[in-house]
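> test case, fold it:
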Amino acid sequence: MGVSSNGRTLVSKTRYPGSSPGTPASMAGRQNHDRESDSLSPRKYISMKPFPEMNTANSALLVIDVINSSANEKCEIPEWGIHFSKIRMMVPRLARFIEEYRNKIGGLIVFTKNVPWTKEYLAENINNLYSDSRFAYYSKDTTGFPEQFYGIEPKENDLVIVKNTNDAIANPALEEDLQKRGIKYIVIAGAFTDGCVLATVAGGFSKGYNFVVLRDLVETTDVPIRQNIQKELLDHTFPYLFARVVNANELLESW
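Numbers count the residues shown, from 1 in each chain. A predicted model of the protein is given here:
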């Protein structure tokens, strides 16, 4: 998927809207992303599907890590300033959307959750990253509570994927299932916007999948810097580099 048939490396010369030949793409994107008239603005997708070719058979809803370790107050880390109140406010809306999506659009719905976030279960490169103790985080809870779903409940025909890294599509079982079903478009929601959502979108996009990020149904921790990163991702990075960004109601109304 996403590989040139002739094996050549292609260099795109396309400029972002509003850029001049001497304007870096990143600057051009920043200049334009707030414009109501910008043809790439997420607001332009109201009343039409984010991608016209989307249908029930080739699309899937992917709900990332709405589990206790990402939402439950008992799993917060106050000494690190990590609180999940914004995620908890989002979860009831997400639960309602999942049922509306199930009834109106149908098709595959995938829920992900993590393995126990301990050295024994995590991918080797995460453990390598955590060898720098300044950035390491391992869970000390071995009860299974952190990995339980929070405020949502998969149904019998839904797919539940347990992952040991940030990118959900790096899980071979998930990618194999998506390919067998002919899935080309992935609607994504969940937590954290600047963590596993970002990793999944970037990783999946590189494999040829098309993404729709639900602006009002992705969330991160309450930490101000992460809230600022989330805003930049939704306003700039996702729509210009990886995904369509729409509100949940806009997607439902477009179907």
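
> pLDDT averaged over stretch 123-137, what's the number?
Averaged over stretch 123-137, pLDDT sits at 89.

> end-to-end on that stretch?
Terminal residues of stretch 123-137 are spaced 13 Å apart (C-alpha to C-alpha, to the nearest Å).

> and it, how far out from the chain's middle?
Distance, stretch centre to chain centre, for stretch 123-137: 22 Å (C-alpha atoms, centre = their mean, to the nearest Å).

> ok, and what's touching it?
Stretch 123-137 is contacted from outside by Trp117, Lys119, Leu122, Tyr138, Asn164, Thr165, Asn166, using C-beta atoms under 8 Å, 6 or more residues apart in numbering. (C-beta placed from N, C-alpha, C; glycine too.)

> quick one: the fifth one from Asn247, how far?
The one in question is Asn164. Using C-beta to C-beta, to the nearest Å, one gets 32 Å for the distance from Asn164 to Asn247.

> swap in the first one?
Distance, Trp117 to Asn247, using C-beta to C-beta: 31 Å.

> what's the weakest-modelled helix or strand in the protein?
Least confident helix or strand of the chain, by mean pLDDT, DSSP states H and E, is helix 25-32 with a mean of 42.

> partner strands of the next helix or strand after it and their direction?
Next along the chain after helix 25-32, taking DSSP states H and E as the criterion, comes strand 59-64. Strand 59-64 has the following strand partners under DSSP bridges: strand 108-114 (parallel), strand 185-191 (parallel).

> wait, isn't Gly182 in contact with Ala57?
Yes - counting by C-beta atoms under 8 Å, Gly182 touches Ala57, with 6.7 Å between them.

> who's more crowded, these two?
Ala57 (13 against 8; other C-beta atoms under 10 Å).

> I'd say that one and Gly107 touch.
Yes - if you go by C-beta under 8 Å, Ala57 and Gly107 touch, sitting 6.7 Å apart.

> what's the distance between the helix ranked longest in the chain and the middle of its chain?
Longest helix in the chain, counting residues (DSSP state H): helix 85-104. The chain centre lies 15 Å from the centre of helix 85-104; the measure is C-alpha atoms, centre = their mean.

> what's the answer for stretch 54-64, then?
13 Å.

> what residues does that stretch touch?
94, 98, 101, 105-112, 152, 168, 178, 181-191, 196-197, 200, 212.

> just the buried subset of those, please.
94, 98, 101, 105, 107-112, 152, 168, 178, 183-191, 196-197, 200, 212 (16 or more other C-beta atoms under 10 Å).

> just to revisit the earlier point, other SSEs contacting the longest helix of the chain?
Using 3 or more C-beta pairs under 8 Å, 6 or more residues apart in numbering; DSSP states H and E as the contact test, the elements touching helix 85-104 are strand 59-64, helix 68-71, strand 108-114, strand 185-191, strand 210-219, helix 248-254.

> and with 6 Å instead?
strand 210-219, helix 248-254 (3 or more C-beta pairs under 6 Å, 6 or more residues apart in numbering; DSSP states H and E).
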